[in-house]
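*Asks:* Need coordinates for the below:
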Amino acid sequence: MLLASLAGACIGAIAGFVFAVLEEHVVKEIRDHRRSARGEPLTKDRVFRVGAWKAGALLGFLAGLAAGLLGDTL
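*Replies:* Residues are numbered from 1 along each chain as shown. A predicted model of the protein is given here:
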């Protein structure tokens, strides 16, 4: 049962990581759209916040672990 909890935690970590990457991409697209609407030149910066990736993966891992452990106890 603990193995299932850890598997759920790993899946949650991957999902959290993917969500953080997609969220960062969407935020950048919105920012670029607003800049172009104001007539500002678009920059070529593709710097993603690694902290957002780590936070998303950590939160996903913890949520998956909590869900797995809760499912084991019920």
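*Asks:* tell me, how many neighbours does A55 end up with?
*Replies:* As a burial measure, A55 scores 14 neighbours (other C-beta atoms under 10 Å). No exception for glycine: its C-beta is placed from N, CA and C like everyone else's.
*Asks:* Give the closest residue to it in space, chain neighbours not counted.
*Replies:* Leaving aside its chain neighbours, A55 sits nearest to A20 (6.8 Å; criterion: C-beta to C-beta, 6 or more residues apart in numbering).
*Asks:* Sticking with that neighbour, tell me its helix or strand.
*Replies:* helix 2-37 (DSSP states H and E).
*Asks:* List the buried residues for that helix?
*Replies:* Under the neighbour-count criterion of 16 or more other C-beta atoms under 10 Å, helix 2-37 has S5, G8, A9, C10, G12, A13, A15, G16, F17, F19, A20, E24 buried.
*Asks:* Is it possible to get JSON lines of the residues you listed that adds pLDDT?
*Replies:* Converted to JSON lines, those look like this (pLDDT from 0 to 100):
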{"residue": "S5", "pLDDT": "75"}
{"residue": "G8", "pLDDT": "75"}
{"residue": "A9", "pLDDT": "77"}
{"residue": "C10", "pLDDT": "78"}
{"residue": "G12", "pLDDT": "77"}
{"residue": "A13", "pLDDT": "77"}
{"residue": "A15", "pLDDT": "79"}
{"residue": "G16", "pLDDT": "76"}
{"residue": "F17", "pLDDT": "77"}
{"residue": "F19", "pLDDT": "78"}
{"residue": "A20", "pLDDT": "76"}
{"residue": "E24", "pLDDT": "73"}
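*Asks:* Cheers, nothing more for now.
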